[in-house]
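Colleague: Structure for the following, please:
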Amino acid sequence: MKLNSAKIQVDLTDALERHRVAGASIAILHEGALAMAAAGYANISTGVGLTTDTMMHIGSITKVLNATLVMQLVDEGLLDLEVPVSQYLPDFRVKDPSATEEITVKMLINHTSGIDGDTTIDHGHDEETVEKAVARMSTYSQIFPPGADCSYSNAATVVAGHLAARVTGVSWYELIKNRIFKPLNMRCSVVLPEDALLARASMGHFLDWQTNRHIRSSHAFLPLGFAPAGHTAMMSPSDLVIFAQMHLSNGLGPDGSPMLSAESARLMRETTTPGIGRMPYGVGLGWMTYGNGVVGHGGGGPGVVGRLYASPRHQFAIAILTNSDNGDSLIEDFAAPYLQEVCGFEIPHSSASDVLPNATIDNANYVGCFEDSWMSYTIAEKSDGLVLSTRTKIAIYDVISTEPTDSAVMLPVGDDQFVVKPTDQQRNANREAFPQAGDVLITFRNKDSLGRPQHLASGSRLYRRAGEQL
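Modeller: The predicted structure is shown next:
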């Protein structure tokens, strides 16, 4: 494939208008050739335009950088993936003492630790340090016993970042800057929020579905204590594919020197567990594994959505960052043709289209409340079947409501799976969990001796039946 920056620019400008996105920036790398484009606004309120070197929030894509840092320390013999975290951090605690002893370094970066810490309230600037955030985890419960399942955990990633800082004696921010940004000459990348003031930086926006107008987020960053999970990192898409290129080269930097051993780079891309929550893709170390040699990660934040795909087999990487909470549709529309042409890969979706309906179910098995630290799903039985209501516990975005929602009908499709068409109120209450359009597939699993599922799976997360003891 021959990259054409002019055509990409035209296509991106068209996609921006079609998908009603405030701003988007893209970088594509294929066999050493780089193409870039940017369109729209960096900040609707100020009218500043978006350029290819504008730094944008990357959200949870940070987890790949964080895992890379951990694997560098594995290469140096400072960490061992199979060793319990408590051996390196004697003061590390979660609520369950046995889980404290069983959680390994590997579990922190492949989402199998079971730590229930999807998000956090803002404890105030003086309290929001990585070290203090980890100390607060002594009150965090388990979604499941360590290693028993797989569910997205921001808290576990924070512990991994803190662990790297403790074994090196250097802050997480300095480790990312000195071990990743500087060796790769990533000049448009920051992890310290104040560093974003040194260059052009983007703000997030929320689309008002009624007026089709964008509203700038009032949050420049999420609570800083969760920085290793993705709360502070900003960069240009071109810097993001420069980082990906190191992985395409199995750990080699631009001058050919190893930044990561080839063994560790390959290990990061190997599937450690075949699925995460309800999503149809696997989990490596930091990377999500999509198939046909393609790995990647998505990222979100206050009014931002982004995604990175990479394939060493095809020497290809694409990074698309948007500063609109509805940016997913643009990302998929734009990335899909390139992934198909170069990698023979189709973006996976969680779908019930291949599941046969099954009307003979015991509704009572599913009734109850399933929750984690951020969301609760309440299943109730009515005369015509099961219904689902939700409540978001922490309003980390401007558009999130913490009030209980109305109920949506659950349609059984067999194998403990249900299709839910979220109500307008549910879609508005939490846009990350419920998209603007389309149905949501949820699954129940891990049954007890009475046949009652102990977990509800939605998206990449599991929610534990309330009141149950592990």
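Colleague: make it CA atoms for all contacts and neighbour counts henceforth
Modeller: Fine.
Colleague: what about residue 159, helix or strand, and which?
Modeller: Element membership of residue 159 [criterion: DSSP states H and E] is helix 154-168.
Colleague: cool, residue 70 as well?
Modeller: Counting by DSSP H and E, residue 70 is part of helix 62-75.
Colleague: Double-check that residue 40 belongs to a strand.
Modeller: Yes. If the criterion is DSSP: H, G, I helix; E, B strand; the rest coil, then residue 40 is within a strand.
Colleague: can you pull the contacts of it?
Modeller: Residue 40 makes contact with 13, 16, 21, 22, 23, 24, 49, 50 under the criterion CA atoms under 8 Å, 6 or more residues apart in numbering.
Colleague: Just the local confidence number for it, please.
Modeller: In this model, residue 40 is scored at 98, pLDDT.
Colleague: What's the separation between it and residue 385?
Modeller: Distance, residue 40 to residue 385, using CA to CA, to the nearest Å: 46 Å.
Colleague: got it, and residue 41?
Modeller: Look at residue 41 and residue 385: by CA to CA, they are 46 Å apart.
Colleague: Among the two, which residue is more densely surrounded?
Modeller: Counted by other CA atoms under 10 Å, residue 41 and residue 385 do not tie: residue 41 has more neighbours, with 20 against 12.
Colleague: In this structure that one contacts residue 21, no?
Modeller: No. Taking contacts as CA atoms under 8 Å, residue 41 lies outside contact range of residue 21: 9.3 Å.
Colleague: Identify the contacts common to those two.
Modeller: By CA under 8 Å, 6+ apart, no residue touches both residue 41 and residue 21.
Colleague: Need the contact partners of the helix or strand following the helix holding residue 159.
Modeller: Where DSSP H and E defines the elements, the next helix or strand beyond helix 154-168 is helix 172-176. For helix 172-176, the surrounding residues in contact (CA under 8 Å, 6+ apart) are 65, 66, 69, 161, 162, 164, 165, 191, 192, 228.
Colleague: again with stretch 256-265
Modeller: Stretch 256-265 is touched from outside by 68, 71, 72, 75, 179, 246, 247, 250, 251, 252, 253, with contacts defined as CA under 8 Å, 6+ apart.
Colleague: ok, and for it, which residues are buried?
Modeller: Within stretch 256-265, the residues that qualify as buried are 259, 260, 261, 264, 265, counting by 16 or more other CA atoms under 10 Å.
Colleague: What of stretch 136-146?
Modeller: Quick answer for stretch 136-146 (16+ other CA under 10 Å): 137, 138, 140, 141, 142, 143, 144, 145, 146.
Colleague: returning to that earlier point: any quick PyMOL command for the buried ones out of the contacts of stretch 256-265?
Modeller: Provided next is the PyMOL selection string for whichever of the contacts of stretch 256-265 are buried by 16+ other CA under 10 Å:
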select buried, resi 68+71+72+75+246+247+250+251+252+253
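Colleague: Can you tell me which of the contacts of stretch 256-265 is nearest residue 269?
Modeller: residue 247 (9.3 Å; CA to CA).
Colleague: Residue 443 in helix, strand or coil?
Modeller: strand.
Colleague: show me what contacts it?
Modeller: Counting by CA under 8 Å, 6+ apart, residue 443 makes contact with 278, 416, 417, 418, 456, 457, 458.
Colleague: Quick check on the closest residue in space to residue 104 that isn't next to it in sequence: phi, psi?
Modeller: Counting by CA to CA, 6 or more residues apart in numbering, residue 84 is the residue found nearest to residue 104 once chain neighbours are left out, at 4.0 Å. Main-chain torsions, residue 84, degrees, to the nearest 10: phi -60, psi 140.
Colleague: any idea how far residue 365 is from residue 84?
Modeller: In terms of CA to CA, residue 84 sits 36 Å off from residue 365.
Colleague: okay, those two: which has more neighbours?
Modeller: residue 84 (18 against 14).
Colleague: Now residue 432: phi and psi?
Modeller: For residue 432, the backbone dihedrals (degrees, to the nearest 10) come out as phi -70, psi -40.
Colleague: Tell me, how many residues neighbour it?
Modeller: Residue 432: 17 surrounding residues under other CA under 10 Å.
Colleague: And the pLDDT at it?
Modeller: Here the pLDDT value assigned to residue 432 is 74.
Colleague: and if you look at the one 5 residues further on?
Modeller: Here the pLDDT value assigned to residue 437 is 77.
Colleague: now swap in residue 253 and tell me
Modeller: For residue 253, pLDDT reads 95.
Colleague: cool, the one 5 residues further on as well?
Modeller: Model confidence at residue 258, given as pLDDT, is 96.
Colleague: Repeat that for residue 423.
Modeller: For residue 423, the pLDDT comes out at 89.
Colleague: I'd like the distance between it and residue 447.
Modeller: Residue 423 is 28 Å from residue 447, where distance means CA to CA.
Colleague: With neighbour numbers in mind, choose between those two.
Modeller: Neighbours per residue (other CA under 10 Å) separate residue 423 from residue 447, with residue 423 holding more: 19 against 12.
Colleague: how close does the more buried one sit to residue 439?
Modeller: In terms of CA to CA, residue 423 sits 10 Å off from residue 439.
Colleague: Residue 427 too?
Modeller: Plainly put, residue 427 is 11 Å away from residue 439 if you go by CA to CA.
Colleague: Of those two, give the one with the bigger neighbour count.
Modeller: Neighbours per residue (other CA under 10 Å) separate residue 427 from residue 439, with residue 427 holding more: 18 against 15.
Colleague: In a strand, that one, correct?
Modeller: No. Counting by three-state DSSP, one finds residue 427 to be helix, located in no strand.
Colleague: my guess is it meets residue 434, correct?
Modeller: Yes. Shown here, residue 427 and residue 434 form a contact pair, counting by CA under 8 Å, at 5.0 Å.
Colleague: So, low pLDDT: which residues of the stretch 351-470 of the chain?
Modeller: Along the stretch 351-470 of the chain, the parts satisfying pLDDT under 70 run over 351-360, 468-470.
Colleague: so where do the helices sit in it?
Modeller: Ranges of helices within the stretch 351-470 of the chain are 424-429, based on DSSP state H, counting those that start in this stretch.
Colleague: Strands of that one, start to end?
Modeller: Secondary structure of the stretch 351-470 of the chain by DSSP state E, counting those that start in this stretch: the strands cover 368-371, 375-382, 385-392, 408-414, 417-420, 440-447, 453-458, 461-465.
Colleague: Would you give the sheet partners of the fifth one, along with the direction of each?
Modeller: Strands adjacent to strand 417-420 in the sheet, as given by DSSP bridges, are strand 408-414 (antiparallel), strand 440-447 (antiparallel).
Colleague: do the first one as well
Modeller: Strands flanking strand 368-371 in the sheet, each with its direction: strand 375-382 (antiparallel), strand 461-465 (antiparallel) (DSSP bridges).
Colleague: Nearest to the spatial middle of the protein, which residue is it?
Modeller: By CA atoms, centre = their mean, the chain has its centre lying nearest to residue 60, at 4.2 Å.
Colleague: Specify the local secondary structure of the nearest residue to residue 207 once chain neighbours are set aside.
Modeller: Spatially, and ignoring its direct neighbours in sequence, residue 207 is nearest to residue 214 (4.5 Å; CA to CA, 6+ apart). Per three-state DSSP, the secondary structure class of residue 214 is strand.
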